[in-house]
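Enquirer: mind looking at a prediction? Sequence and model below.
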Amino acid sequence: MNPSINITYILTTLFAGVASFFFHELAHFVTGSLLGYEMGMTLNSAYLIEGKYSTVWHNQLVSAAGPIFTILTGFLFFYIIKKTKNVYWYPFLFFAFLFRLMAMIVSIINPNDEARISEWLGLGTWILPLLVSFTLFFLVIKTSKEQKYSVKFNLINYLLASVCIAAVVFSDQYFFK
């Protein structure tokens with residue numbers, strides 16, 4: 001089955017991408033704030049306004065908040081799609097996967113959330129990023145099979161989501177710092 005890629009689907013995908021970034025970073029921001037830190041946030045980062053975390057545990061908890069939210073979002077949309085069979089929820093699931101996959105790839109240069117936590121836990125750099133990425137990939141594959149989404153449809157989702165990721169990272173880097 002090839003669901004229709006129309007303007008509504010494209011706009012939904014773009015919204016899913018921006019919302020995924022926003023709520024992922026908001027999870028970091030809220031966690032840091034609840035721990036008593038003055039936090040700042042852009043669409044692609046949450047950070048301490050000044051100073052450093054008082055404990056390594058606080059740093060790891062703030063790092064974990066974004067990926068935990070993204071993973072939960074992936075499972076939520078997997079369930080919603082399974083129940084509703086509505087293709088317009090798929091970009092939210094797909095984006096959760098691609099978002100964490102790209103974070104894992106970036107960790108080659110600069111360890112991202114899961115990579116930092118994985119190192120801290122003594123698991124090496126790649127165990128948690130791989131676990132998260134493969135778990136979300138499994139949800140994407142399972143949904144694609146159940147809903148009969150084609151490879152072509154998934155490639156289009158990949159291209160749309162990649163453009164969105166690039167736009168958010170570019171805009172954040174050049175307009176918000």
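Expert: All right, it came through fine. Residues are numbered from 1 along each chain as shown.
Enquirer: what residue ranges in the chain score low on pLDDT?
Expert: 1, 176-177 (pLDDT under 70).
Enquirer: strands of that one, residue ranges please.
Expert: Assigned by DSSP state E, the strands in the chain fall at 39-42, 45-48.
Enquirer: JSON lines for these, including mean neighbour count and distance to W120?
Expert: All C-beta atoms are positioned from the backbone trio N, CA, C, and that covers glycine. As requested, the strands of the chain are exported to JSON lines (neighbours: other C-beta atoms under 10 Å; distance: least, C-beta to C-beta, whole Å):
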{"stretch": "strand 39-42", "mean neighbour count": "16", "distance to W120": "20"}
{"stretch": "strand 45-48", "mean neighbour count": "17", "distance to W120": "17"}
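Enquirer: any chance of the ones you listed in TSV, with distance to A96 too?
Expert: Putting the strands of the chain into TSV (distance: least, C-beta to C-beta, whole Å) gives the following:
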stretch	distance to A96
strand 39-42	19
strand 45-48	18
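Enquirer: contacting residues around the residue nearest the centre of the chain?
Expert: Nearest to the geometric centre of the chain sits F99, at 3.8 Å (C-alpha atoms, centre = their mean). The contact partners of F99, taken as C-beta atoms under 8 Å, 6 or more residues apart in numbering, are 17, 20-21, 24, 70, 161, 165.
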